[in-house]
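*Asks:* kindly return the folded structure for what I paste below:
(chains A and B)
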Amino acid sequence: MQFLKLPRLLMSHVRRIHLHSQPLPLPSESTYRFDGIDDAVALFHRMVDMHPLPSIVEFTKILGMIVKMKYYATAINLYTLMEYRGVVPFTVTFNILINCFCHMGRMDFAFSVMGKILKWGCQPNVVTFTTLMKGLCVNDKMLDALYIYNEMVARRIWFDDVLYGTLINGLCKSKMGKTRAAIQLLQNMEGQLVKPNLVMYNTVVHGLCKDGHINEARVLCSKMIVQGIFPNIFTYSSLIYGLCRAGRRKEVRSLLNGYCLNNKVDEARELFNLMIERGEQHDVINYNILMNGYCLNNKVSEAKRLFHRMIERGEQPDIITYTILMHGYCLIDKVDEARKLFQGMIVRGLVPDVWSYNILIKGYCKIERVDEAVNLLKHMFLKNLVPNIITYNSLVDGLCKSGEILDAWKLVDEMHYCGQLPPNVTTYNILLESLCRIGHVDKAIAIFKHLIFERSFAPDVWSYNILISGCCKNRRMDEAMNLFNQICFKNLVPNIVTYNILLDALCNGQQLDKAIALLIYQIVDQGISPNLHTYNILINGLHKSGRPKTAQKISQYLFIRGYHPDVQTYIINELCKGGYC
DNA sequence: GTAGGGTTAG
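*Replies:* Numbering: from 1, shown residues only, chains lettered A, B, ... in the order given. Reported below is the predicted structural model:
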């Protein structure tokens, strides 16, 4: 009866094989080569019909190859058939099965195979646990990884290098930001038989660089070198990437008009040059990382010079190189320059993708040339490129900023009713922000409620920030506080931007003591880091109200808690000391 | 026997 439970897909294979295939002997040397999945499935079916049955090793080999072809569901179905026909599986077969479930995101089934392993009298081994661990990491269930650890300890299974590698990679990539746990793991390995390797170090170095901890990354590199493990192209790439990012603090950029005083992109360049001088292997990716660093730090001309140098040296720019440069030009509103690069890319035989179109569309929208953006959208359709949500959101934003809010709504309604690419929270936030910007806060709040009821709109903290800011600007503090309280009811957490909006409103309303209380009892107490805006709002507010001493006290209060004021606050404080304020 | 990990860019 179990046969009836086999999926239809498998049944069709079964029927086909019985009707058309002649029994063929197994390849004698037990190495298989398949033209495609059908070929592999056909052989598997012939095998389950043989008398006597081939060994489990042969079945397992084929299952392994099917998994390599990424046909996970097929492998599971074939396993079921095999088991039904009386072939006795062993640990390796089960490991393959677990891998399939992990790839399909079915961790529950993957764990249930553990029960199966024991039922068949087999023992799980380090591969079993590594496979489960990888599945947990990929499916973002890092907390359950502890289970694996406990089970391995209980069963006295030693960690090998693959297991360590899996765990380190999982920790660095986890959404919970567990890079420090990965560093700890590297340290723990010091006394073990299994030694950390270059890839493990590179994974952690990149994790640190990605999170902006460039100095820690450098320390780790030094440790690595002491242990006789030398950096390679990946290590350099991550460090250059990290340095480029370190010089780029969003709030510093916006406040200091693009002049970054703590710019590390020059250090990134030095490292890049060093890498080349040392004769290290380098490629288009290294150039792209540095070019992007220049672009994001408002040094597009430097990026362009690097682009020419790259071509002179015979390195071929790719689609990402062009997109990076186009983005750099769009950031400084030189969209025509970006367009020239776009054309240049096509002349070189490169095919623009959705991403490169999106950069240009966003660029045109930003400089309020929405017609050009719409033309590009039409181009995309002609080229059979499918626009994504970013394409549409850029257009919606462009239409709003050009004052064509009705057209923007029309587009969003089309997205909603068409259903192929429904609007997301960002789309609606763009619309809400446009309404608040032109002072239609009542309308924004009404639409906000309507969207929640009618379109199952799930607002995020940004949706609330937009509305709260709208209320504050219109001196409607009660409504702003009401919305602020709603955030927690929705299981959302206010962020530093939410607080900055409220602080700004309180300072503007001369309610400085309330602002200070908010800083001390809500922001700092809840462990939220104040940013440069927080300092400026409060320190400026206190100075403007003639309370420079309180301003200094607040600075000190934050300083001793590890929050350091930034350049702008420092300048303001210095100016005030000199009596310029 | 045979299964498991791994590093860089928009």
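
*Asks:* for the rest of this, base every contact and every neighbour count on C-alpha atoms.
*Replies:* OK.

*Asks:* show me the helices in the stretch 201-350 of chain A, by range?
*Replies:* In the stretch 201-350 of chain A, the helices defined using DSSP state H, counting those that start in this stretch lie at A:214-226, A:233-246, A:250-255, A:265-277, A:284-296, A:300-312, A:319-331, A:335-347.

*Asks:* wait, doesn't residue A:366 sit right on residue A:398?
*Replies:* Yes. Under the criterion of Cα atoms under 8 Å, residue A:366 is in contact with residue A:398, at a separation of 6.3 Å.

*Asks:* and those two? which has more neighbours close in?
*Replies:* Neighbour count, other Cα atoms under 10 Å: between residue A:366 and residue A:398, residue A:398 has more, with 28 against 22.

*Asks:* any chance of the helices of the stretch 201-350 of chain A in a markdown table with distance to DNA strand B and mean neighbour count as columns?
*Replies:* Output for the helices of the stretch 201-350 of chain A, formatted as a markdown table (distance: least, Cα to the nearest atom of the strand, whole Å; neighbours: other Cα atoms under 10 Å):
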| stretch | distance to DNA strand B | mean neighbour count |
| --- | --- | --- |
| helix A:214-226 | 12 | 16 |
| helix A:233-246 | 5 | 24 |
| helix A:250-255 | 15 | 15 |
| helix A:265-277 | 11 | 17 |
| helix A:284-296 | 4 | 23 |
| helix A:300-312 | 13 | 16 |
| helix A:319-331 | 4 | 23 |
| helix A:335-347 | 11 | 17 |
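
*Asks:* what sits against the closest residue to residue A:208 other than its chain neighbours?
*Replies:* Spatial nearest neighbour of residue A:208, excluding adjacent residues (Cα to Cα, 6 or more residues apart in numbering): residue A:217 at 5.7 Å. Residue A:217 sits next to A:204, A:205, A:206, A:208, A:209, A:239 when contact means Cα atoms under 8 Å, 6 or more residues apart in numbering.

*Asks:* can we see that at 7 Å?
*Replies:* Shown in contact with residue A:217 (Cα atoms under 7 Å, 6 or more residues apart in numbering): A:205, A:208, A:209.

*Asks:* for the second one, give its distance to DNA strand B.
*Replies:* Look at residue A:208 and DNA strand B: by Cα to the nearest atom of the strand, to the nearest Å, they are 11 Å apart.

*Asks:* distance of that residue from residue A:220?
*Replies:* 9 Å (Cα to Cα, to the nearest Å).

*Asks:* can you give me the helices for the stretch 401-550 of chain A?
*Replies:* Secondary structure of the stretch 401-550 of chain A (DSSP H, counting those that start in this stretch): helices located at A:405-418, A:425-437, A:441-454, A:461-473, A:477-489, A:496-508, A:512-517, A:532-544, A:548-560.

*Asks:* as JSON lines, these with mean pLDDT and distance to residue A:345 would be great.
*Replies:* Below are those laid out as JSON lines (pLDDT from 0 to 100; distance: least, Cα to Cα, whole Å):
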{"stretch": "helix A:405-418", "mean pLDDT": "92", "distance to residue A:345": "30"}
{"stretch": "helix A:425-437", "mean pLDDT": "95", "distance to residue A:345": "30"}
{"stretch": "helix A:441-454", "mean pLDDT": "93", "distance to residue A:345": "42"}
{"stretch": "helix A:461-473", "mean pLDDT": "95", "distance to residue A:345": "36"}
{"stretch": "helix A:477-489", "mean pLDDT": "92", "distance to residue A:345": "46"}
{"stretch": "helix A:496-508", "mean pLDDT": "93", "distance to residue A:345": "39"}
{"stretch": "helix A:512-517", "mean pLDDT": "92", "distance to residue A:345": "52"}
{"stretch": "helix A:532-544", "mean pLDDT": "87", "distance to residue A:345": "39"}
{"stretch": "helix A:548-560", "mean pLDDT": "86", "distance to residue A:345": "50"}
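
*Asks:* quick one: pLDDT of the spatially closest residue to residue A:202 that is not a sequence neighbour?
*Replies:* Distances taken as Cα to Cα, 6+ apart place residue A:235 nearest to residue A:202, at 5.5 Å, with adjacent residues excluded. Per-residue pLDDT puts residue A:235 at 96.

*Asks:* these two touch, right, residue A:235 and residue A:204?
*Replies:* No. Here residue A:235 lies out of contact with residue A:204, judged by Cα atoms under 7 Å, at a distance of 9.8 Å.

*Asks:* just say helix, strand or coil for the residue nearest to the spatial centre of chain A.
*Replies:* In chain A, the residue lying closest to the centroid (Cα atoms, centre = their mean) is residue A:175, at 8.2 Å. Recorded secondary structure, residue A:175: coil (DSSP: H, G, I helix; E, B strand; the rest coil).

*Asks:* hey, least reliable of the helices of the stretch 201-350 of chain A by pLDDT?
*Replies:* Across the helices of the stretch 201-350 of chain A, helix A:250-255 gives the lowest mean pLDDT, at a mean of 44.

*Asks:* coming back round to it: and of the helices of the stretch 401-550 of chain A, who's closest to DNA strand B?
*Replies:* Closest approach to DNA strand B among those (Cα to the nearest atom of the strand): helix A:425-437, 18.5 Å.

*Asks:* can I get the closest one in CSV, CA atoms only?
*Replies:* Extracted in CSV, the C-alpha atoms of helix A:425-437 (Å, rounded to 0.1, in the frame of the first residue of the first chain):
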residue,chain,number,x,y,z
VAL,A,425,6.3,48.3,2.8
THR,A,426,8.9,50.5,1.1
THR,A,427,6.4,51.4,-1.7
TYR,A,428,3.8,52.5,0.8
ASN,A,429,6.4,54.3,2.9
ILE,A,430,7.4,56.4,-0.1
LEU,A,431,3.8,57.4,-0.7
LEU,A,432,3.2,58.2,3.0
GLU,A,433,6.4,60.3,3.1
SER,A,434,5.4,62.2,0.0
LEU,A,435,2.0,63.1,1.6
CYS,A,436,3.7,64.2,4.8
ARG,A,437,6.3,66.3,2.9
